[in-house]
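K.L.:
Give me a 3D structure for the following:
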Amino acid sequence: MTDFTRWRMFVGSAALAAILLAASGSAPARAVESYKALEPLLVDLPGWQGETPQGTSIDSGGQTMIQVTRRYTKNDGELTVLVNYGSKMTSTALGSNANIDTDDMRMAVDQIDGYKMFITFAKKDKTGSIAVALTPHAMLNIQFAKLGYEDAVEIARRFDLKELASKLAD
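P.N.:
This is a model prediction of the structure:
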């Protein structure tokens, strides 16, 4: 992946994070207290080399954030999978049903296994991001490079969204 592509993915992630955090509010109690309980749900993907998951749990004055990340590689393809729990983060970014399709990119709100999904995809360099609203306070985010749109959605289906949502239920 080129430095420019990494930069575009970073900027896209930062923009998405800004949108998500704009709807901040305290997150209620949930079934999981630590990122360690979420690590096993970032499963091995057939044909991909997965790194060891890494995470963070923060509890400060009633504000809670749990985040676990795992990076995968396959040939020249890359995935970074992030499960994030915290302030009310999913309603703003996934609240609209706007879809944009141009020669260069695709941005769409769709459904995946009953959960709302927001996807951005740069067609020429095959990079993008999928955000899945698991609960009002939790989401799964997949950043991908050198992968087709449909392939990225199929990979997202390999993660047990229902189990993740139940562990992070409000």
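
K.L.:
what about the strands in the chain?
P.N.:
Counting by DSSP state E, the chain has strands at residues 49-50, 54-60, 63-74, 77-85, 100-101, 105-112, 115-122, 127-135, 138-145.

K.L.:
Would you mind giving those as CSV with mean neighbour count added?
P.N.:
Every C-beta, even on glycine, is put in place using the N, C-alpha and C of the backbone. CSV is the format used below for the strands of the chain (neighbours: other Cβ atoms under 10 Å):
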stretch, mean neighbour count
strand 49-50, 14
strand 54-60, 13
strand 63-74, 19
strand 77-85, 22
strand 100-101, 10
strand 105-112, 15
strand 115-122, 21
strand 127-135, 24
strand 138-145, 24
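
K.L.:
of those, which approaches Leu41 most closely?
P.N.:
Of all those, it is strand 77-85 that lies closest to Leu41, at 7.2 Å by Cβ to Cβ.

K.L.:
so who does the residue nearest to the spatial centre of the chain touch?
P.N.:
The centroid of the chain falls nearest to Asn141 when counting by Cα atoms, centre = their mean (0.4 Å). Listed by Cβ atoms under 8 Å, 6 or more residues apart in numbering, the contact partners of Asn141 are Ser13, Leu16, Val81, Leu82, Val83, Asn84, Ser129, Ile130, Ala131, Val132.

K.L.:
Report the beta-bridge partners for the fifth one.
P.N.:
Taking DSSP bridges, one finds Val68, Leu140 as the beta-bridge partners of Val83.

K.L.:
that older thread, dump the strands of the chain into a markdown table; add distance to Glu163 and mean pLDDT as well.
P.N.:
Listed next are these as a markdown table, based on distance: least, Cβ to Cβ, whole Å; pLDDT from 0 to 100:
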| stretch | distance to Glu163 | mean pLDDT |
| --- | --- | --- |
| strand 49-50 | 18 | 96 |
| strand 54-60 | 17 | 85 |
| strand 63-74 | 13 | 90 |
| strand 77-85 | 11 | 93 |
| strand 100-101 | 32 | 88 |
| strand 105-112 | 14 | 91 |
| strand 115-122 | 12 | 92 |
| strand 127-135 | 10 | 92 |
| strand 138-145 | 11 | 94 |
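
K.L.:
Throw these into a markdown table and include distance to Leu42, thanks.
P.N.:
Listed next are the strands of the chain as a markdown table, based on distance: least, Cβ to Cβ, whole Å:
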| stretch | distance to Leu42 |
| --- | --- |
| strand 49-50 | 8 |
| strand 54-60 | 9 |
| strand 63-74 | 4 |
| strand 77-85 | 6 |
| strand 100-101 | 30 |
| strand 105-112 | 17 |
| strand 115-122 | 17 |
| strand 127-135 | 13 |
| strand 138-145 | 10 |
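
K.L.:
No further questions, thank you.
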